[in-house]
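> Based on what follows, work out the 3D shape:
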Amino acid sequence: MTVRFSVLASGSTGNAFYIGTEKENILVDAGLSGKQIDRLLTEAQIDPNSLSRILVTHEHSDHIKGLGIVARKYNLPIYANEKTWKAMQHALGKLSLDQKFVFNMEETKTFHDIDVTSFGVSHDAAEPMFYTFQHNNKKVALVTDLGYVSERIKKTVENADALIFEANHDVSMLQMGRYPWNVKRRILGDTGHVSNDDCALALTDIIGDKTKRIYLAHLSKDNNMKALARMSVANHLSEQGFPLGQGLDLYDTDPNNPTSMYELV
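Have a look, this model is predicted:
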């Protein structure tokens, strides 16, 4: 049996991630309009009616914009920790009680044939957390929206077969850019976002023998470019002895288009 996934959308304008097995079809976050989520799922060849549940990372609008709409339309249960529920419930509209489930931080839940583990990250939200997914000795890790990568996070996601990892900004572009200083300070701070360089540094401690794919995610629309992120990370990894293109590859993600569905066999 295989596990398959697609980064449906990733960036400062909206985020959604799909992962599925024979028995589960999970959506993580729904940070775009309901109509856009439907389009992305269709483009990734996923029937929205086949979805099992939605997991939430945190309450920022680029992660929950379409959450209530999608959950109501397809009658899906939503999983989030209690602080996130409290922070986002006003933005979701009316949900029935049997759609609301608590998924605590640092917890593992088994949904049929897939184990999902949550872990905390440093970000300016109520209680932000991301996830690893394990199925038949294959592991996929989703890690964005964090100001720095702690040793605990590195241990949690190390040697994953596939990593979806934040490379939010180029520090020089951000410093020279049009954002007001208080926003720049937030992004650069410990509860902001990981830069291309910090992404590359963290990956050198995380990549293991099993790691085959790294997706650079949550790129800033104003302070990064796909080619720049890929070049920065690739150069650093190559310098550190990680030979890209020899069983280890970097992939782009996009705010408007899903990545090709990939199966980990």
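
> Which residue ranges of the chain form strands?
According to DSSP state E, the chain carries its strands in the segments 3-9, 16-20, 25-28, 53-55, 78-80, 100-102, 108-111, 114-120, 129-135, 138-143, 162-166, 213-217, 249-252, 262-264.

> What are the buried residues along the fifth one?
The one in question is strand 78-80. With burial defined by 16 or more other Cβ atoms under 10 Å, the residues of strand 78-80 counted as buried are 78, 79, 80. Placement of C-beta: from N, CA and C, glycine included.

> Grab the most central residue of the protein for me.
In the chain, the residue lying closest to the centroid (Cα atoms, centre = their mean) is residue 142, at 4.4 Å.

> Residue 49 touches residue 74, doesn't it?
Yes. Look at residue 49 against residue 74 with Cβ atoms under 8 Å: they come within range, at 6.3 Å.

> Looking at those two, which is more packed in?
When residue 49 and residue 74 are compared for neighbours, residue 74 comes out ahead with 19 against 10, by other Cβ atoms under 10 Å.

> List the residues that contact that one.
Residues in contact with residue 74 (Cβ atoms under 8 Å, 6 or more residues apart in numbering) are 48, 49, 51.

> Now the first one: closest residue in space, sequence neighbours ignored.
The shortest distance from residue 48 to any non-neighbouring residue, by Cβ to Cβ, 6 or more residues apart in numbering, is to residue 41 (5.0 Å).

> Ends of stretch 12-32, what's the gap?
Counting by Cα to Cα, to the nearest Å, you get 11 Å between the two ends of stretch 12-32.

> What are the buried residues along it?
Judged by neighbour count (16+ other Cβ under 10 Å), stretch 12-32 contains these buried residues: 12-21, 24-32.

> now swap in stretch 215-229 and tell me
Buried residues in stretch 215-229, counted by 16+ other Cβ under 10 Å: 215, 216, 217, 218, 219, 220, 223, 224, 228, 229.

> wait, the fourth one sits on residue 7?
No. Here residue 218 lies out of contact with residue 7, judged by Cβ under 8 Å, at a distance of 9.8 Å.

> Quick check: neighbours shared by those two?
The contact sets of residue 218 and residue 7 overlap at residue 253 (Cβ under 8 Å, 6+ apart).

> Could you report the neighbour count for the spatially closest residue to residue 146 that is not a sequence neighbour?
Nearest residue to residue 146 in three dimensions, chain neighbours excluded: residue 121, at 3.9 Å (Cβ to Cβ, 6+ apart). Neighbours of residue 121 under the rule other Cβ under 10 Å: 25.

> Quick check: the gap between residue 121 and residue 129.
In this view, residue 121 and residue 129 are 6 Å apart by Cβ to Cβ, to the nearest Å.
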